[in-house]
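Asks: Test case, fold it:
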Amino acid sequence: GKKSLRQKAVDELKHYYNGFHLLWIDTKVAARMVWRLLHGQVLTRRERRRLLRTCADLFRLVPFLVFVIVPFMEFLLPVFLKLFPEMLPSTFETESKKEEKQKKKLNAKLELAKFLRETIAEMAKRNKADTG
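Replies: Here you go, the predicted model:
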């Protein structure tokens, strides 16, 4: 059914709390990775990607905090998210947004695969005609 205004507000507060909590955990893990880097250890590919994502999230947090701190500015957040879709830190993304991004990536990969398949088929026809 429909949620009340109070329930929607509570859900948003929980979403922000969980996002900040996950960002705090990622920041602690990234700090340990930086410590390891400073002491000459090598990071794995997965650790390096996580460190880069966390650093990008911390830089994205600065404009996002303006919306959280300034009263009633959170009502403008959807407008700014339409204009700048990558503005939110990754820990604040909802499942539906993650699925939407994955679908877009998959569609792009499928289009690229279709283009490559057609190109290879065309090249095979040319080679067959040249050798024939």
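
Asks: And for Glu111, the neighbour number?
Replies: Other residues near Glu111 come to 10 when the count uses other Cβ atoms under 10 Å. C-beta: built from backbone N, CA, C; applies to glycine.

Asks: any idea how far Lys8 lies from Glu74?
Replies: According to Cβ to Cβ, to the nearest Å, Lys8 and Glu74 sit 12 Å apart.

Asks: Buried residues of stretch 52-63, list them for me.
Replies: If you call a residue buried by 16 or more other Cβ atoms under 10 Å, then stretch 52-63 has these buried ones: Thr54, Asp57, Arg60, Leu61.

Asks: Next one: the third one, what pLDDT does it get?
Replies: At Arg60, the predicted lDDT confidence score is 87.

Asks: what sits up against the one helix or strand it maps to?
Replies: Using DSSP states H and E, Arg60 sits within helix 45-69. By Cβ atoms under 8 Å, 6 or more residues apart in numbering, the list of residues contacting helix 45-69 from outside reads 16, 23, 26-27, 29-30, 33-34, 43, 73-74, 76-77, 80, 86-92.

Asks: Select only the buried ones of the residues you listed in PyMOL?
Replies: To isolate the buried ones among the contacts of helix 45-69 in PyMOL, judged by 16+ other Cβ under 10 Å, type:
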select buried, resi 23+26+27+30+33+80+88+89+90+91+92
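
Asks: Just want the most central residue of this structure.
Replies: Centroid check for the chain by Cα atoms, centre = their mean gives Ser90 as the closest residue, at 4.8 Å.

Asks: which residues does that residue contact?
Replies: Arg53, Ala56, Asp57 are the contacts of Ser90 under Cβ under 8 Å, 6+ apart.

Asks: Distance of the second one relative to Phe20?
Replies: Spelled out, that is Ala56. With Cβ to Cβ as the criterion, Ala56 and Phe20 are 16 Å apart.

Asks: Please apply the same query to Asn107.
Replies: Remark: distance between Asn107 and Phe20 (Cβ to Cβ) = 32 Å.

Asks: Kindly reformat the contacts of Ser90 as CSV containing pLDDT.
Replies: Converted to CSV, those look like this (pLDDT from 0 to 100):
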residue, pLDDT
Arg53, 92
Ala56, 91
Asp57, 90
